[in-house]
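Novice: Would you be able to build a 3D model of this:
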Amino acid sequence: MNSVKAAVCRPDSEDPFALEELSIGDPRPDEVLVRFTAAGLCHTDLEVAAGRMPTPLPVVAGHEGAGVVEAVGAAVTGFGPGDRVVASFSYCGTCRNCLSGRPAYCPLHFPLNFGARRADGSVGLRDASGEPVHDHFFGQSSFAGYGLCRPSSLVKVGDTDLPDHVLAPLGCGVITGAGAVWNLLEVGPGSTVAVFGAGAVGLSAVMAAAAAAAMT
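Specialist: You can find the predicted model right below:
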């Protein structure tokens, strides 16, 4: 195991994201080890830290990560060391919704994203006392220097000069706001759109509406 610094959410802690030195295992055959260089903070992470979500604690949260692939498991294809990646939510990839291009509606969405563990119940992180710390939150747990990620949570970054801190919010805030406008509301030219709240999600909705030639 190697050491990694991470922001850990523990029950009843005064610091909702306390920095700790943890140990992280090597990637399993179906995992990708990512060195995170940027991560966004989503309201969902705050809810997890406050214990208002059924995600088990202690846990390393974070689900808007960007970084570089360090190593890949033997069964992983499509990614290799040195690839720039953005991390987003996990999905099974084999159900009807996933195969029809609607992975956000995967029936395994909750266990894969909020369960914060592997399918067999194990985790890849341990604290200084050797006790397990939950990871694989949204398939990434990006509030850490390194994370063991599910390939389904990763998207390879193309040729771009955009810095990682700009790319990271694509993992949740941007796709949530833009997706609501394009996919759910199906906003088109001349539509009237009102957006309440100008955070990452709200501003992404505004940009998506503008791109669709709506009246905002």
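Novice: and Gly130, what pLDDT?
Specialist: Per-residue pLDDT puts Gly130 at 96.
Novice: Oh, that last question was meant for Trp182, not what I typed.
Specialist: At Trp182, the model reports a pLDDT of 94.
Novice: Apart from its chain neighbours, what residue comes closest to it?
Specialist: Excluding the flanking residues, the one nearest Trp182 by CB to CB, 6 or more residues apart in numbering is Ala208, at 5.6 Å. In short, each C-beta sits where N, CA and C put it, glycine included.
Novice: who's in contact with the residue nearest to Ala18 when sequence neighbours are not counted?
Specialist: Using CB to CB, 6+ apart and skipping residues adjacent in sequence, the residue nearest Ala18 is Val8, 5.5 Å away. Contact analysis of Val8 by CB atoms under 8 Å, 6 or more residues apart in numbering lists 17-20, 22, 58-60, 127, 133.
Novice: can you give me the offset of the host helix or strand of Val8 from its chain's centre?
Specialist: With secondary structure defined by DSSP states H and E, Val8 is part of strand 2-8. Relative to the chain's own centre, strand 2-8 is displaced by 17 Å; criterion: CA atoms, centre = their mean, to the nearest Å.
Novice: Give the burial count for Ala61, as a bare number.
Specialist: Ala61 has 32 neighbouring residues, counting by other CB atoms under 10 Å.
Novice: thought it was touching Ala50?
Specialist: No. Applying CB atoms under 8 Å as the test, Ala61 and Ala50 come out as separate, 10.9 Å apart.
Novice: Met207: what's it in contact with?
Specialist: Counted by CB under 8 Å, 6+ apart, Met207 has contacts 177-178.
Novice: residues contacting the residue lying closest to Gly25 once chain neighbours are set aside?
Specialist: Nearest residue to Gly25, sequence neighbours excluded (CB to CB, 6+ apart): Gly124, at 4.7 Å. Gly124 sits next to 24-25, 31, 118, 135-136, 148 when contact means CB under 8 Å, 6+ apart.
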